[in-house]
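Novice: no FASTA, just this:
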Ligand SMILES: Nc1ncnc2c1ncn2[C@@H]1O[C@H](COP(=O)(O)OP(=O)(O)O)[C@@H](O)[C@H]1O
Ligand SMILES: CC(C)(COP(=O)(O)O)[C@@H](O)C(=O)NCCC(=O)O
Ligand SMILES: [K+]
């Protein structure tokens with residue numbers, strides 16, 4: 001079995017061997033996906049996709065050619081001991097849903113889950129598995145690109161590693177974007193304390209492409225879990241396997 005997380009920047013795949021995570025690989029969307037999947041001809045892929053229709057169709061076409069079965073996860077109102085806090089439950093991105101399920105699987109304490117990918121999503125989960133809602137903000141690359149696109153004098157930026165004051169334009173953009181995310185994270189912890197009605201700081205869980213960069217830049221302790229969405233998908237895979245027995 002294979003797990004797939006199709007984000008807006010790239011697709012992530014993770015092999016499942018006897019219920020444990022195995023090899024992982026990426027699909028850059030400007031490349032064909034079929035060659036990446038040849039080794040698992042005839043297998044089943046449990047898919048979480050927030051990517052556009054073209055990318056989903058490319059996976060469907062490749063799967064057809066390789067006799068691969070695709071199981072598409074959809075966002076439910078509740079499952080796996082997590083209750084979706086959206087008014088219209090289907091509208092919560094399935095990657096966010098799976099990150100909540102993954103977080104619930106890893107720890108039972110109140111948590112703030114930040115998935116810093118193309119977009120940065122914030123989701124708050126209480127100790128009973130109730131999703132308290134969240135936020136969506138632009139990811140660091142999007143922030144920088146929006147600046148380049150809409151200004152006359154900003155041409156390029158570096159990858160952000162620090163929130164130090166910069167002494168040049170490129171570093172100013174990257175450090176500024178990282179600082180915006182660090183500020184968002186600190187505010188998320190503060191807002192979560194109100195929503196959870198507690199003075200104790202909830203567990204901060206970071207995932208997505210920029211998770212490490214945020215963890216390095218922030219002054220509070222954080223748990224970096226690159227596989228959070230895969231932990232969510234793992235629950236679905238395990239259930240599918242159990243139902244097939
Ligand atoms: N080293 C890095 N430092 C900061 N941000 C990064 C770094 N690497 C990737 N990113 C950010 O992560 C995003 C890709 O992460 P990913 O979680 O795969 O996104 P998605 O799930 O949306 O496809 C990029 O758009 C960029 O904003
Ligand atoms: C917010 C997102 C675009 C994040 O996508 P990503 O950064 O992981 O590519 C995705 O979770 C999504 O399409 N959500 C649907 C809207 C919502 O969650 O409210
Ligand atoms: K995200």
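Specialist: Arrived safely. Only a predicted model underlies this, so the values are computations on that prediction, with no experimental measurement involved. Numbering: from 1, shown residues only. Ligands and ions are numbered 1, 2, ... in the order given.

Novice: quick one: contacts for the residue nearest the centre of the chain?
Specialist: Centre of the chain computed as the mean C-alpha position; nearest residue by Cα atoms, centre = their mean is residue 115, 4.3 Å away. For residue 115, the contacting residues are 95-96, 99, 121, 123, 207-208, 228-229, taking Cβ atoms under 8 Å, 6 or more residues apart in numbering as the criterion. From N, CA and C alone the C-beta is placed, and that goes for glycine too.

Novice: Need phi/psi at it.
Specialist: Summarising the backbone geometry of residue 115 under the convention degrees, to the nearest 10, its torsions are phi -110, psi 100.

Novice: What pLDDT is listed against it?
Specialist: Residue 115 is assigned a predicted lDDT (pLDDT) of 98.

Novice: Quick check: bridge partners of it?
Specialist: When assigned by DSSP bridges, residue 115 has beta-bridge partners residue 121, residue 207.

Novice: gap between it and ligand 3?
Specialist: Residue 115 sits 4 Å away from ligand 3, taking Cβ to the ion, to the nearest Å as the criterion.

Novice: and if you look at residue 244?
Specialist: As defined by Cβ to the ion, residue 244 lies at a distance of 31 Å from ligand 3.

Novice: what about that residue, how many residues close to it?
Specialist: By the criterion of other Cβ atoms under 10 Å, residue 244 has 7 neighbours.

Novice: What of residue 211?
Specialist: Using other Cβ under 10 Å, residue 211 has 21 other residues around it.

Novice: my read: it touches residue 224, true?
Specialist: Yes. Assessed by Cβ atoms under 8 Å, residue 211 is found in contact with residue 224 at 4.9 Å.

Novice: got the buried residues for the top helix by length along the chain?
Specialist: Secondary structure of the chain read by DSSP state H shows that its longest helix is helix 169-196. Residues 171-182, 184-185, 188-189, 191-193, 195-196 are the ones in helix 169-196 that count as buried (16 or more other Cβ atoms under 10 Å).

Novice: Show me the subset of these that also lies near ligand 3.
Specialist: The subset of the buried residues of helix 169-196 within reach of ligand 3, counting by Cβ under 5 Å from the ion, is empty.

Novice: The longest helix of the chain near ligand 1 anywhere?
Specialist: No. Remark: helix 169-196 sits outside contact range of ligand 1, by Cβ under 6 Å from any ligand atom, the gap being at least 7.3 Å.

Novice: Which elements pack onto that helix?
Specialist: strand 111-116, strand 119-125, strand 131-138, helix 140-150, helix 211-217 (3 or more Cβ pairs under 8 Å, 6 or more residues apart in numbering; DSSP states H and E).

Novice: The last one near ligand 1 anywhere?
Specialist: Yes. Residues of helix 211-217 are located near ligand 1 by Cβ under 6 Å from any ligand atom, namely residue 213.

Novice: What is the subsequent helix or strand relative to that helix?
Specialist: strand 223-224 (DSSP states H and E).

Novice: With residue 141 as the reference, measure out to the residue lying closest to residue 137 once chain neighbours are set aside.
Specialist: Leaving aside its sequence neighbours, residue 137 sits nearest to residue 120 (Cβ to Cβ, 6 or more residues apart in numbering; 4.6 Å). Residue 120 is 11 Å from residue 141, where distance means Cβ to Cβ, to the nearest Å.

Novice: swap in residue 114?
Specialist: Using Cβ to Cβ, we find residue 114 at a distance of 16 Å from residue 141.
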